[in-house]
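In: give the three-dimensional model of this entry:
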Amino acid sequence: MLLSSDFWALGCIVYQMISGRFAFQGLSEYLTWQKIKKLEYTFPEGFDEQAKDLVQKLLVREREWWMSLAMAGLSGGFRSAIRPYG
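Out: The predicted structure is shown next:
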C-alpha cells in the first residue's frame, strides 16, 4: 500500500534527479523546514514540462488527492508522464 509520504518522497526524488538540487533548501534546517511547510520551491530553467507537472501533482498537502492516486493505481496522466528508458 502506498502512503502519502511515498508520493511526497517520489516528488522530491524526481525533482532532484532532473534538476540536480533539492526542491527545498534553506540556509539552515529550520529555514528548510519553513520552505517545506509553505511549499516554497521553484523549477530551474529547462525543467521538463511533463516532469514539472508530475512534481507539482506529487508535492501537495491534500491527503485526499494522494489517496485517490493510490486507489487509482497511478493511472492516467502519470503513466504518460513517465516514459520508459530506451
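In: after the helix with the most length in the chain, next one along is what?
Out: Scanning the chain for the helix with the most residues, using DSSP state H, yields helix 4-19. Sequence order places helix 29-38 as the next helix or strand after helix 4-19, per DSSP states H and E.
In: helix or strand for Ala51, which one?
Out: Using DSSP H and E, Ala51 falls in helix 49-58.
In: could you export that helix as PDB, CA atoms only?
Out: C-alpha atoms of helix 49-58 as PDB (Å, rounded to 0.1, in the frame of the first residue of the first chain):
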ATOM      1  CA  GLU A  49       7.200  20.400 -18.600                       C
ATOM      2  CA  GLN A  50       5.700  16.900 -18.100                       C
ATOM      3  CA  ALA A  51       8.100  16.300 -15.200                       C
ATOM      4  CA  LYS A  52       7.200  19.600 -13.700                       C
ATOM      5  CA  ASP A  53       3.500  18.700 -13.900                       C
ATOM      6  CA  LEU A  54       4.300  15.400 -12.200                       C
ATOM      7  CA  VAL A  55       6.300  17.000  -9.400                       C
ATOM      8  CA  GLN A  56       3.600  19.600  -8.800                       C
ATOM      9  CA  LYS A  57       1.000  16.900  -8.500                       C
ATOM     10  CA  LEU A  58       3.100  14.900  -6.000                       C
END
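In: who are the packing partners of it?
Out: Here helix 49-58 touches helix 4-19, helix 77-81, going by 3 or more C-beta pairs under 8 Å, 6 or more residues apart in numbering; DSSP states H and E. Bear in mind the C-beta positions are built from the backbone N, C-alpha and C, glycine included.
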